[in-house]
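In: everything below, folded, please.
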Amino acid sequence: MQARTWCIAMPNLSSDTLQRAIDWSCSQPGVNCAALNPGGPCYEPNTLYDHASFALNLFYKAHGGRSPWCPYNTAIQIVTDPSTGTCIYP
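Out: As a prediction, the model looks like this:
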């Protein structure tokens, strides 16, 4: 059995890079970032890093959670579930 993996933003990315990762990920087919909207289950914590991590993971999961779909220049694969509070990562 293969371990579950997630794809999250790399630490220490600039605010501009994080915002571009959100914009790009959320514009891709099969990615629905509605959970990041105010009042959504993943709006909090309301940081660019957390929102970019969730959006990148949605893109990754939309492509079967396979390594090539975790953008190497902005994200890393992890084996620890990054879900917090009401924000459950797929």
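In: the chain: helices as residue ranges?
Out: Ranges of helices in the chain, per DSSP state H, are 15-26, 48-62.
In: buried deepest among those helices, which one?
Out: Burial of the helices of the chain is given as mean neighbour count (mean count of other C-beta atoms under 10 Å); helix 48-62 ranks first at a mean of 23. Bear in mind the C-beta positions are built from the backbone N, C-alpha and C, glycine included.
In: what residues does that one touch?
Out: Contacts with helix 48-62, where a contact means C-beta atoms under 8 Å, 6 or more residues apart in numbering, come from 6-9, 11, 13, 15, 18-19, 21-22, 25-26, 28-33, 35-36, 42, 69-71, 74-75, 82, 87, 89-90.
In: mean confidence (pLDDT) on it, please.
Out: Averaged over helix 48-62, pLDDT sits at 97.
In: not counting sequence-adjacent ones, nearest residue to residue 30?
Out: With C-beta to C-beta, 6 or more residues apart in numbering as the criterion, residue 30 has its nearest non-adjacent residue at 3.8 Å, and that residue is residue 62.
In: nothing else from me, thank you.
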